[in-house]
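J.: turn this into a model:
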Amino acid sequence: QVQLVESGGGLVQAGGSLRLSCAASGRTVGVNYMGWFRQAPGKEREFVTTISRSGASTYYADSVKGRFAISRDNANNTVYLQMNSLKPADTAVYYCAASPRFTTATRDINYWGRGTQVTVSS
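T.: Numbering: from 1, shown residues only. Okay, here's the model as predicted:
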């Protein structure tokens, strides 16, 4: 089993920045990709970004490309999401996700964190 714990959410004004962290523990040897999904009220959970184990490969949803940046620190089993130029449309619960292979689909995710709320005011 793998445990994922997110931190760093909060309330920010439009145009501001936040940095989310996700700490992984447990049997992480089979987890090659880690990333983030988000779910706004009344909407389905959607893919945001993912990063490979080496950090060499990243992929972003079009809605966040150029504003968000994912990175990872393998020594500490932690993934980060730097969110800049935030918009009210970015308001959602952000979930850390882990999987053995590249995916943007919620059905292919093996492990989920509990989520952290991000609220962007206009």
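J.: which residues touch the residue lying closest to residue 72 once chain neighbours are set aside?
T.: Leaving aside its chain neighbours, residue 72 sits nearest to residue 79 (4.6 Å; criterion: C-beta to C-beta, 6 or more residues apart in numbering). Placement of C-beta: from N, CA and C, glycine included. Neighbour list for residue 79: 21-22, 24, 34-36, 51, 70-73, 96 [criterion: C-beta atoms under 8 Å, 6 or more residues apart in numbering].
J.: rerun at 10 Å
T.: By C-beta atoms under 10 Å, 6 or more residues apart in numbering, the contact list for residue 79 reads 4, 6, 20-24, 33-36, 49-51, 55, 70-73, 96-98.
J.: also residue 35?
T.: Listed by C-beta under 10 Å, 6+ apart, the contact set of residue 35 reads 22, 47-52, 58-60, 70, 72, 79, 81, 95-99, 102-104, 109.
J.: distance check, it against residue 81.
T.: Distance of residue 35 to residue 81, computed by C-beta to C-beta, to the nearest Å: 9 Å.
J.: what do those two both touch?
T.: Contacts common to residue 35 and residue 81, judged by C-beta under 10 Å, 6+ apart, are 22, 48-49, 51, 70, 96.
J.: which of the three states applies to the residue nearest to residue 72?
T.: strand (DSSP: H, G, I helix; E, B strand; the rest coil).
J.: partner residues bridging it?
T.: residue 22, residue 72 (DSSP bridges).
J.: model confidence for it, exactly?
T.: What the model reports for residue 79 is a pLDDT of 97.
J.: how close does it get to residue 94?
T.: 12 Å.
J.: now residue 102
T.: In terms of C-beta to C-beta, residue 102 sits 20 Å off from residue 94.
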